[in-house]
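Enquirer: I need the structure of the sequence given here:
(one chain, ligands or ions: 2)
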Amino acid sequence: MQEGRVQFNHMLNYDELVIKYNVSGPRYTSYPSSPFWIQSPTQEEWIQSLNQAFISDQSQGAALYIHIPFCQSLCSYCGCHKRITRKHEVSKPYLETLLLEWQLYQSQLNRKIVLKEIHLGGGTPTFLSPDELRFLVEGLMTNTTLTDDYEFSVEADPRVTSEDHLKTLFQLGFKRLSLGVQDFDPKVQKAIHRVQSERQIEALTELARQIGFTSVNYDLIYGLPFQTTGSMERTIESVLRLRPDRIAFYSYAHVPWIKPAQRRFTEADLPHSVKKRELYELGRKAFESNQYREIGMDHFSLETDSLWKATQEGSLHRNFMGYLHRQVSPLMGLGVSSIGDSWVSFAQNEKQLEVYEKRVRQGELPIARGHLLSPEDEVLRRHILNLMTQMKTSWDASFQSISNFRDIFSALEALQEDGIIELTSSSCRVTQRGVPFLRNVCMAFDVYLIKKGSQANVFSKTI
Ligand SMILES: C[S@@+](CC[C@H](N)C(=O)[O-])C[C@H]1O[C@@H](n2cnc3c(N)ncnc32)[C@H](O)[C@@H]1O
Ligand code: SF4
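Expert: Numbering: from 1, shown residues only. Ligands and ions are numbered 1, 2, ... in the order given. Got it, this is the predicted structure:
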């Protein structure tokens, strides 16, 4: 950043850029972004697009995302799709529905499914007991085979994850663990209604490594209420001491009109724009001085982790689960609100638990919405994915036939004037100074945003 300030001192300085580009915008875990999905596939179209993806599958196996929506208590910042309950009797019927949904896929796809990846996310997968986790994974494995290089990963809330959970998950084939850490500061933890000790995280991390997990990720968030430079320094110091293989350093997405629990703290307690970005920069510098590498947007990994190797080899991928070290297609989503991706189509399940369960029990795939990509969507999706994973993209003369080509190019020229990208007639590359504004660069290619104008009430702020 310092280098940028010197080189571009005839332009806006860094703080002015942060203020200028801190607008509402998508996080680009998909393109088109889900609020712009307009062309839902029918069940038949979805199955057909999955079959097509299986036929052209380079990865020789599919990925499965399974959503466990239950959490024992509500973290007030949370933007995830969850249901808060302490009644553990909800789990068994839900797991039975998940397995029914899987059987629907198996019969409708009419093929023996080979899986390369399973991701258990939520909500809180470790809300389930170890026996329930075993019931789920063993049930999924009926009539399913795995590739030799299969990988299973799981998100775990440290407050409800036991030694028995980790041992069972490892026996079932899980080697990647992601722990929700968020922040270690007691005042911040109280404000976000998520109190957990450093000792708890340390014990689970050590245990996971002893058991054999090969990659441990910590989720952290910057921009939470009461975070200060001092509190963030202490959190980062603790994280560095525990040395996870990966760190997801998320920008707090403040969307109280969608997640009313975020109104439990006042906006005046949140660090905004320049202050918020300073917290990220503090983390970035500390991580990079301690052998971590920045991956795409908001992620860091040790050089020994596959995420860094993928960045080097150009195989880094991004989807609804964040950054992944490889692209596995197709992705099928099981469970309430889960999203599947066949590259030419997205399909999202019902978000209401009762509606989801009812539709599956009636023998229907519970798709509520989605999007069949047009050829133009596919081209723009590729450019946005290139930018999010490689910080650059290039095109040929046919790109000029994109409907909003002139708008795209003039937005790119404006970004170039601010020193955010280097632009040629057939390529653009994000500069070092431009990295914090990666979402804004992707927005230049987003024809839906261009057509619809400002979406202040849909997306969180880009900084
Ligand atoms: C499903 S949760 C992780 C698993 C588990 N439920 C837990 O909290 O430990 C996924 C992650 O999303 C992130 N997250 C949730 N709400 C967010 C928000 N509003 N802004 C940014 N990140 C958020 C958190 O870092 C959280 O760990
Ligand atoms: S952050 Fe995790 S544990 Fe907290 S409410 Fe969200 S999904 Fe549940």
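Enquirer: which residues touch the closest residue in space to residue 39 that isn't next to it in sequence?
Expert: Excluding the flanking residues, the one nearest residue 39 by CB to CB, 6 or more residues apart in numbering is residue 372, at 4.5 Å. C-beta: built from backbone N, CA, C; applies to glycine. With contacts defined as CB atoms under 8 Å, 6 or more residues apart in numbering, residue 372 is in contact with 39-41, 45, 49, 344-345.
Enquirer: again, but for residue 328
Expert: By CB under 8 Å, 6+ apart, the contact set of residue 328 is 59, 61-63, 116-117.
Enquirer: can you redo those as TSV with distance to ligand 1, neighbour count and pLDDT?
Expert: Formatted as TSV, these follow (distance: CB to the nearest ligand atom, whole Å; neighbours: other CB atoms under 10 Å; pLDDT from 0 to 100):
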residue	distance to ligand 1	neighbour count	pLDDT
59	25	17	60
61	25	19	91
62	22	26	95
63	17	25	96
116	22	20	96
117	17	23	97
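Enquirer: picking up where we left off before, among the contacts of residue 372, which are in strands?
Expert: Among the contacts of residue 372, DSSP state E puts residue 345 in strands.
Enquirer: residues of the chain that sit close to ligand 1?
Expert: Neighbours of ligand 1 within the chain, by CB under 6 Å from any ligand atom: 71, 77-80, 121-124, 155, 157, 180, 182, 219, 221, 250, 252-253.
Enquirer: considering only these, which also neighbour ligand 2?
Expert: Answer for the residues of the chain next to ligand 1 near ligand 2 (CB under 6 Å from any ligand atom): 71, 78, 80, 122-124, 157, 180.
Enquirer: which of these fall in strands?
Expert: Those of these lying in strands (DSSP E): 71, 122, 180.
Enquirer: contact residues of the chain facing ligand 2?
Expert: Counting by CB under 6 Å from any ligand atom, the chain sits next to ligand 2 at 71, 74-75, 78, 80, 82, 122-124, 157, 180.
Enquirer: what helix or strand does residue 27 sit in?
Expert: Following DSSP states H and E, there is no helix or strand that holds residue 27.
Enquirer: residues in contact with the closest residue to it other than its chain neighbours?
Expert: Distances taken as CB to CB, 6+ apart put residue 439 closest to residue 27, at 6.7 Å, once the chain neighbours are dropped. Going by CB under 8 Å, 6+ apart, residue 439 touches 25-28, 297, 462.
Enquirer: so how many other residues sit close to residue 177?
Expert: When neighbours are defined as other CB atoms under 10 Å, residue 177 has 27 of them.
Enquirer: who touches the helix or strand it falls within?
Expert: Assigned by DSSP H and E, residue 177 belongs to strand 174-182. With contacts defined as CB under 8 Å, 6+ apart, strand 174-182 is touched by 75, 77, 120, 151-158, 161, 166, 169, 189, 192, 194, 196, 201, 204-205, 208, 212-221, 224, 239, 244, 246, 248.
Enquirer: from residue 179, how far off is the closest residue to ligand 1 within the stretch 351-463 of the chain?
Expert: As assessed by CB to the nearest ligand atom, ligand 1 sits closest to residue 460 within the stretch 351-463 of the chain, at 7.3 Å. Residue 460 sits at a distance of 23 Å from residue 179 (criterion: CB to CB, to the nearest Å).
Enquirer: I'd assumed residue 145 was in a helix, is it?
Expert: No: counting by DSSP: H, G, I helix; E, B strand; the rest coil, residue 145 is not part of a helix but strand.
Enquirer: okay, it: pLDDT?
Expert: Looking at residue 145, its pLDDT is 94.
Enquirer: contacts made by the longest helix along the chain with the rest, please.
Expert: The helix spanning the most residues in the chain, taking DSSP state H as the definition, is helix 91-109. Residues from elsewhere that reach helix 91-109 (CB under 8 Å, 6+ apart): 43, 47, 50-51, 54, 66, 68-70, 113, 127-129, 132, 135-136, 139-140, 143-144, 332, 334-335, 353, 356-357, 360-361, 363-366.
Enquirer: residue 88 contacts residue 131, correct?
Expert: No: using CB atoms under 8 Å, residue 88 is not in contact with residue 131; the gap is 11.3 Å.
Enquirer: just to revisit the earlier point, give the buried residues for the longest helix of the chain.
Expert: For helix 91-109, burial by neighbour count (16 or more other CB atoms under 10 Å) applies to 91, 94-99, 101-102, 104-106, 109.
Enquirer: and it, how far out from the chain middle?
Expert: 24 Å (CA atoms, centre = their mean, to the nearest Å).
Enquirer: need phi/psi at the spatially closest residue to residue 378 that is not a sequence neighbour.
Expert: Nearest residue to residue 378, sequence neighbours excluded (CB to CB, 6+ apart): residue 344, at 6.8 Å. Main-chain torsions, residue 344, degrees, to the nearest 10: phi -100, psi 0.
Enquirer: what sits against residue 344?
Expert: 49, 52-53, 372-373, 378.
Enquirer: as a markdown table, those residues with pLDDT and secondary structure would be great.
Expert: Shown next, in a markdown table, are those (pLDDT from 0 to 100; DSSP: H, G, I helix; E, B strand; the rest coil):
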| residue | pLDDT | secondary structure |
| --- | --- | --- |
| 49 | 95 | helix |
| 52 | 92 | helix |
| 53 | 92 | helix |
| 372 | 97 | strand |
| 373 | 97 | coil |
| 378 | 96 | helix |
